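# Structure for this input, please:
(one chain, ligands or ions: 1)
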Amino acid sequence: MATEQYEVVVVGGGASGLTAGMFAARRGYKTIVISQDVGGQAATTPDIENYPGIEFIDGLDLMKKFKTQGEKYGMQFRFDTVTALEPQPDGTYIIKGATGEVATQVVILAFGLSHRHLNVPGEEKLNGKGLLYCSICEPHFYQDRKVIVVGGGSSAVQAATTLSHLAKDVTVINMGEHLTAEAITVQRMTQRPNIHVVVNAQTQEVLGDDHVTALSILHTDTKQVEDIPAEVIFVEIGYMAKAGWVKDILETDPRGQIKIGPNCETSRPGVFAAGDVTTITFKQVVISAGEGAKAALEADQYLLAKSGKRGGRIDWGVKKT
Ligand SMILES: Cc1cc2nc3c(=O)[nH]c(=O)nc-3n(C[C@H](O)[C@H](O)[C@H](O)COP(=O)(O)OP(=O)(O)OC[C@H]3O[C@@H](n4cnc5c(N)ncnc54)[C@H](O)[C@@H]3O)c2cc1C
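Next comes the predicted model:
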């Protein structure tokens, strides 16, 4: 089967990728967004209160609006996991995924951040068998169950509060002495009677054969080990850029984030990057959306220059450090 040709391929369907896709499609480019899911991180939060013009919205609803708006202008969307970006001798690119490949003039990488793992025994074996990374995705998993949330940041505290409305009880396991979540988020959590917080606790092992039965922790102050019974464990210890598949062809920083210039250009002409996966300091929905728009507009300049039409610059590429 012939490889399908695009002018713009966006990898990632979160706030940055869906915005990039919409902007590229509105410029008339044949554009596809390839993503593992719709909405990325924003889709995992039930309340977004800081997106300008919208006082309150469920994150998934907001992301669905992004997608619908892009599709209105011809943006295509495909579910897949991209595994390779291969530069071609003529300056174009092949993007390979689990279900096939596409060819493109321009690539916009917007694949954001992925859940950080605990890296303890039992985690891999019980992943999906009571050990989960998305607290709002599968409510039936925790209805009337004993639940543990590992983490003490805003995501963990927000997750614990939400889960406590359906779960039997929720235990929050925090590595340090203090929770690092925003004060207002912690305050909302403390109003829930069925949440118990354990501090100074280091996760040792996820226990269970076919399904999670307990989490083994080390109390770092007393050096005692305790197995806390649980039917469901949510890991909410933050996110990291999983950019391993592009690190040999693009410049990344020590945290794996893709280095970009002021207009989302990467170290390789024709490849742009936007949102949380990049070295931008602040990670927020509105910022990712803005970065996605910038990346698409810069890609437009690149394509115009390449085709000899008006506009365009000739200095794409972040300077090597
Ligand atoms: C729980 C939580 C609450 C938050 N609350 C707020 C808030 O209230 N307000 C706010 O402004 N920000 C909030 N944020 C931050 C905000 O959600 C992010 O900064 C923003 O959504 C990032 O968008 P992004 O498109 O850059 O990346 P992401 O949202 O991470 O999207 C990346 C996309 O790429 C896809 N992907 C990854 N790898 C591949 C691959 N190899 N192949 C194909 N697809 C891939 C993913 O499936 C995903 O769709 C919150 C984040 C979390 C986790």
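# May I see the buried residues of the lengthiest strand in the chain?
In the chain, with assignment by DSSP state E, the single longest strand is strand 100-109. Buried positions in strand 100-109, judged by neighbour count with 16 or more other C-beta atoms under 10 Å: 101, 102, 103, 104, 105, 106, 107, 108, 109. From N, CA and C alone the C-beta is placed, and that goes for glycine too.
# how close does the residue lying closest to the last one once chain neighbours are set aside sit to residue 298?
The shortest distance from residue 109 to any residue other than its chain neighbours is 4.2 Å, reached at residue 273 (C-beta to C-beta, 6 or more residues apart in numbering). The spacing between residue 273 and residue 298, counted by C-beta to C-beta, to the nearest Å, is 11 Å.
# More neighbours: which of those two?
For residue 273 against residue 298, the residue with the higher neighbour count under other C-beta atoms under 10 Å is residue 273, and the figures read 34 against 24.
# what does the chain put close to the ligand?
Taking C-beta under 6 Å from any ligand atom as the criterion, the neighbours of the ligand within the chain are 11-17, 34-37, 40-42, 44-45, 48, 50, 81-82, 110-113, 155, 275-276, 283-286, 288.
# and the residue most central in space within the chain, how far is that from residue 35?
Taking C-alpha atoms, centre = their mean, the centroid of the chain lies closest to residue 113, which sits 3.6 Å from it. Taken as C-beta to C-beta, the spacing of residue 113 relative to residue 35 amounts to 14 Å.
# same thing with residue 165?
According to C-beta to C-beta, residue 165 stands 30 Å off from residue 35.
# And those two? Which one has more around it.
More neighbours sit around residue 35 than around the other of residue 165 and residue 35, counting by other C-beta under 10 Å; the figures are 27 against 10.
# To what extent is the residue nearest to the more buried one when sequence neighbours are not counted buried, counted in neighbours?
Distances taken as C-beta to C-beta, 6+ apart put residue 13 closest to residue 35, at 2.9 Å, once the chain neighbours are dropped. Burial of residue 13 is recorded as 28 neighbouring residues (other C-beta under 10 Å).
# same deal with residue 33?
If you count neighbours by other C-beta under 10 Å, residue 33 ends up with 30.
# hey, what's it bridged with?
Under the criterion DSSP bridges, residue 33 forms beta bridges with residue 10, residue 77.
# before we move on, what about residue 265?
residue 272.
# From the ligand, how far off is it?
When C-beta to the nearest ligand atom, to the nearest Å is applied, the distance between residue 265 and the ligand equals 17 Å.
# tell me the pLDDT at the residue nearest to residue 294 when sequence neighbours are not counted?
Ranked by C-beta to C-beta, 6+ apart and with sequence neighbours excluded, the top spatial neighbour of residue 294 is residue 264, at 5.0 Å. What the model reports as pLDDT for residue 264 is 98.
# residue contacts, residue 264?
For residue 264, the residues meeting the contact criterion (C-beta atoms under 8 Å, 6 or more residues apart in numbering) are 108, 272, 273, 274, 278, 291, 294, 295, 298.
# List just the nearest of those residues to residue 55.
Distance ranking of those against residue 55, using C-beta to C-beta, places residue 291 first at 23.3 Å.
# can you pull the contacts of whatever residue of the stretch 101-250 of the chain ends up closest to the ligand?
When distances are taken as C-beta to the nearest ligand atom, the stretch 101-250 of the chain reaches nearest to the ligand at residue 112, 2.0 Å away. Taking C-beta under 8 Å, 6+ apart, we find residue 112 in contact with 12, 14, 16, 17, 40, 41, 239, 241, 275, 276, 277, 288.
# Which residue is the nearest non-sequential neighbour of the fifth one?
Computed as C-beta to C-beta, 6+ apart, the closest residue to residue 40 that is not its neighbour in sequence is residue 14, at 2.5 Å.
# How many neighbouring residues does that neighbour have?
Residue 14 is flanked by 31 other residues according to other C-beta under 10 Å.
# Residue 124: neighbouring residues, count only.
The burial count assigned to residue 124 is 12, neighbours taken as other C-beta under 10 Å.
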